[in-house]
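Chemist: sequence first, then the predicted structure, then my questions.
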Amino acid sequence: MAVMINEPFHCTFVHIPKNAGNTVSNWMRQNFATKTTKTKQHCNVDTAQDLLGDLGWKFCVIRNPWDYAVSWYTFKIDVAKVRTSMVQENPKLANSRKEKYNVEKQQNQIDRLEAEGFEGWLKRTSRGTQYSWAKNCDYWIRLENFAEDFIEVQTRLNCFETLGHANKTRNRTSYKDYYTSQELIDIVAKKWKADIDAFGYDF
């Protein structure tokens, strides 16, 4: 998804999944008139430009690739648990044809992810790089330095309203706790090499 503002400063936020995108998008919508690529939950600069036209100053949020990988793994488990709870609390939602409301499928997802563990998921995932979204942006906010980096956006928009925190993944310890061997560290270094080279992250 991309969210664009024309006034008081023409800019567009490019939402990279699992990188505080809902937090930034919500802040923009709460404080400004916005245009959104509603037909594309996540899209790069080229797709957003096709949908919205001139994007102005483009920015996004990036994060350490080793943390990014862990965030994806824990998110997949968390969202399946939330969906299962939703149906259990409201049985009318149950729908065998709609995967997110199919308790059996969601439970199978949880069981599979927990059985293979982070190591198994990491070895098989084909999750793409952040750089594929970020490469054509004018400004990168580092999640590890979010509050300080976001000041650049607030300054350009002359808006210093407080940010919330949407879709926080639960039950997370430090990402480093998930890397129990050098092999796992090296897998991320290989799969997300473009991010590491572009953003200068290390483990």
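Modeler: Sure thing, it's come through.

Chemist: when you work out contacts or count neighbours from here on, use the C-alpha atoms and nothing else.
Modeler: Fine.

Chemist: buried residues in the top helix by length along the chain?
Modeler: Longest helix of the chain, by residue count under DSSP state H: helix 65-89. For helix 65-89, a neighbour-count test (16 or more other C-alpha atoms under 10 Å) marks 65-66, 68-75, 77-81, 83-84, 86-87 as buried.

Chemist: now for the residue nearest to L93 when sequence neighbours are not counted: which residues touch it?
Modeler: Counting by C-alpha to C-alpha, 6 or more residues apart in numbering, V87 is the residue found nearest to L93 once chain neighbours are left out, at 5.5 Å. V87 sits next to L93, A94, Y101, V103 when contact means C-alpha atoms under 8 Å, 6 or more residues apart in numbering.

Chemist: what are the ranges of the strands in this structure?
Modeler: For the chain, the strands defined by DSSP state E cover 2-5, 11-14, 34-36, 57-62, 139-142.

Chemist: counting by contacts, list what the longest one packs against.
Modeler: Under the contact criterion of 3 or more C-alpha pairs under 8 Å, 6 or more residues apart in numbering; DSSP states H and E, strand 57-62 touches strand 11-14, helix 131-134, strand 139-142.

Chemist: ok, back up a step: export the contacts of V87 as TSV, with columns for pLDDT and distance to E7.
Modeler: Output for the contacts of V87, formatted as TSV (pLDDT from 0 to 100; distance: C-alpha to C-alpha, whole Å):
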residue	pLDDT	distance to E7
L93	83	41
A94	83	43
Y101	79	40
V103	85	45
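
Chemist: buried ones among those residues?
Modeler: A94, Y101, V103.

Chemist: what's the closest of those to V61?
Modeler: For these, the minimum distance to V61 (C-alpha to C-alpha) is 30.5 Å, reached by Y101.

Chemist: was I right about that closest one contacting T84?
Modeler: Yes - with contact defined as C-alpha atoms under 8 Å, Y101 reaches T84; the gap is 7.3 Å.

Chemist: ok, now how distant is the residue nearest to L93 from L157?
Modeler: V87 sits 41 Å away from L157, taking C-alpha to C-alpha, to the nearest Å as the criterion.

Chemist: what is the neighbour count of L122?
Modeler: 19 (other C-alpha atoms under 10 Å).

Chemist: pretty sure it is touching W72, no?
Modeler: No - applying C-alpha under 8 Å as the test, L122 and W72 come out as separate, 9.7 Å apart.

Chemist: report the mean confidence score over stretch 185-202.
Modeler: Stretch 185-202 carries an average pLDDT of 98.

Chemist: hmm, who's touching that stretch?
Modeler: Outside stretch 185-202, the residues touching it (C-alpha under 8 Å, 6+ apart) are N64, P65, W66, A69, L122, K123, G128, T129, Q130, Y131, Y179, F203.

Chemist: H15: which of the residues you listed is nearest?
Modeler: Closest to H15 out of the contacts of stretch 185-202 is Q130 (10.2 Å), distances taken as C-alpha to C-alpha.
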